[in-house]
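Participant: can't give you the sequence, but here's the structure:
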């Protein structure tokens, strides 16, 4: 990767020279091979070397309106340039597509492109057309029948008169989708659906791209035929005129305003008043309405929400990228910043030498690496289940849904906490906009809520876990991800601390599921309905699902580590071993209360694990900078004065301060207008 021409800070030079691993070897593994690494670097250079993609000023100095308009302009240039890249790299491709053919793998790869390092480098407040590729196209692909895909999919892929989004959430209802109010009444005489927003709370609220950008939406609405309710169904609706972009008749649409982050995405509101669409604009792969109004039910209700499952699978990868960007910034800053002598008469050390600083940063690096292992597993699992569904086998879908829900919840929560901890690890400098923690955190924290709120998703996983626990009592076969429930033996503490910690986390998860199940049974015996019993057991259920996610993350990391070490160079395998152990022990110690509650562990055993954890922090210390270098984040990706490759933090902080518009004139006009009259007693 090309680096800035400035001299590299001496401390970072020493860190890199003293490392026992090669950053380049790690980068090659992280990217999936040498060819992929070079391809990604070439694509980054293709954009970063183009001055058209430089921001005229730091986005923190732009107004909300300026940022949106600037992002849309840059976003359209990005797509045009990406198409040109594809033509240059694959001239025989006759599709004209962005990445060749169009299938779920193509959409997955493109989604990772716009939400990964390149996308975040160019669009620190998110890619403005993200929802078109992340949700609109996957919905057309997975929910449309063959005729509908022929009619709409190719046009949408090429953005031929179509910019789309996915409109589910309403002002009054979010994750509880059965409560959505927008309705579609079928008019058999005209073979049309009539869409209406019956109340203020029924307005679609939050869909990205929808305020000013999109001209078509997939709308989830309650279907009624002759007054009879047939549940939620997806409808394809044009909301803005293809030529003028004016709202279509009966459409009330606009932007909902500035947010904590992702302000380039243009989230919107949408209301309908007697908006008519043809019958064939209900997406009918999984359920359909015949011309005479006959409703044909689909084979699997969960398939209606397939787009959300797809996005949740990808969110684990998204937040991993943000967490590791923050960890790279904090690690490089801690290697350059010197403060607080350890020995009274010694010079100030690098703050990375303080064990307390290592305990703030290194577990987040480890967490990001283990989230990457989980994200890869989850994507492969998703592909396998989708192939089974196409063959008519729906057996694995509930497990996929449950796993994607709890991992999405726990990974977003802990990534948010991790990014903020890394910001704090940079002291006051981390609070500056030029450090870029605000943009990284803003994108990550949005994921905590969108595509399923944290607690609601945990409760969905918990329902699955309770059913599986009941099956375990009946000696039925359990899905792989919860096979640990079969083992009812107590923890046997051995010399293998890593195996001890993983098993202890699994025992906590199994015990919490059992307690939740017992609580539900108790409430039912007290006369409560099944629904109210689940509500009263909600705390136990949600914590059981979170424990299941942590147990899975720990077990998956251990399993994947063993696979990786067969093929990796020994030095890389050794460092990955350290990171997996740090992650598992950190998870163990953060859940120590629950672990001691459900496992018989002596004080000396906990102390043994704590000492091993602290030793691992010290052992990993020499390779910390080299390893984050191996994530191969270009300076443009990090967008941070504190995290640049050259480590010249003080020069960059001052350079950014001098770019501040408030420093363009020696005396601001507010002095003569307000401050001077105040000091002269003339106010």
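Facilitator: Good, I have the coordinates. Fair warning: this is a prediction, and the values are worked out from it, not measured in the lab.
Participant: Packing partners of the helix or strand of the chain with the lowest mean pLDDT?
Facilitator: When each helix and strand of the chain is scored by mean pLDDT, DSSP states H and E, helix 104-115 comes last, with a mean of 88. Judged by 3 or more CB pairs under 8 Å, 6 or more residues apart in numbering; DSSP states H and E, the packing partners of helix 104-115 are helix 137-143, helix 306-336, helix 355-390. To be clear about C-beta, it is placed using only N, CA and C from the backbone, and glycine gets the same treatment.
Participant: could you give the mean pLDDT of whichever strand or helix holds residue 546?
Facilitator: Under the criterion of DSSP states H and E, residue 546 resides in helix 538-564. Helix 538-564 comes out with an average pLDDT of 97.
Participant: Distance check, the residue nearest the centre of the chain against residue 134.
Facilitator: For the chain, the residue nearest the mean C-alpha position is residue 315 (2.9 Å; CA atoms, centre = their mean). Using CB to CB, to the nearest Å, one obtains 10 Å as the distance from residue 315 to residue 134.
Participant: And for residue 195?
Facilitator: 24 Å.
Participant: same thing with residue 48?
Facilitator: Note on residue 48: its distance to residue 134, by CB to CB, is 23 Å.
Participant: of the two, who's got more company?
Facilitator: Using other CB atoms under 10 Å, the more surrounded residue of residue 48 and residue 134 is residue 134, with 28 against 19.
Participant: what residues are up against that one?
Facilitator: 107, 111, 114, 115, 311, 314 (CB atoms under 8 Å, 6 or more residues apart in numbering).
Participant: Format these as a markdown table; extra columns: distance to residue 642.
Facilitator: What follows is these, written out as a markdown table (distance: CB to CB, whole Å):
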| residue | distance to residue 642 |
| --- | --- |
| 107 | 35 |
| 111 | 29 |
| 114 | 25 |
| 115 | 23 |
| 311 | 31 |
| 314 | 28 |
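Participant: so what's residue 307 closest to, chain neighbours aside?
Facilitator: Among residues not flanking residue 307 along the chain, residue 139 sits closest, at 4.5 Å (CB to CB, 6 or more residues apart in numbering).
Participant: quick one on the thing from earlier: can you say which of the helices and strands packed on helix 104-115 is nearest to residue 438?
Facilitator: With CB to CB, the closest approach to residue 438 among the helices and strands packed on helix 104-115 belongs to helix 306-336: 10.9 Å.
Participant: buried residues in the closest one?
Facilitator: Burial within helix 306-336, assessed by neighbour count using 16 or more other CB atoms under 10 Å, is assigned to 306-336.
Participant: need the strands for the chain, in chain order.
Facilitator: Listed in chain order, the strands of the chain (DSSP state E) span residues 164-167, 183-187, 192-196, 204-205, 216-225, 228-238, 251-255, 268-272, 275-278, 288-289, 295-296.
Participant: ok so, going back, thought residue 219 was touching the residue nearest to residue 307, still the case?
Facilitator: No. Contact between residue 139 and residue 219 fails when scored by CB atoms under 8 Å: they sit 10.5 Å apart.
Participant: Low-confidence bits of this structure, can you list those?
Facilitator: Residues of the chain meeting the criterion pLDDT under 70: 1-6, 90-101, 299-305.
Participant: redo that, cut-off 80
Facilitator: 1-6, 89-101, 175, 298-307, 683 (pLDDT under 80).
Participant: what about residue 638, how many neighbours?
Facilitator: By other CB under 10 Å, the residues close to residue 638 number 24.
Participant: got it, and residue 650?
Facilitator: By other CB under 10 Å, the residues close to residue 650 number 13.
Participant: Could you do residue 178 as well?
Facilitator: 8.
Participant: Can you tell me how far the closest residue to it other than its chain neighbours is from residue 382?
Facilitator: Ranked by CB to CB, 6+ apart and with sequence neighbours excluded, the top spatial neighbour of residue 178 is residue 232, at 7.1 Å. Separation of residue 232 from residue 382 (CB to CB): 22 Å.
Participant: go on, residue 243?
Facilitator: Taking CB to CB as the measure, residue 243 falls 38 Å from residue 382.
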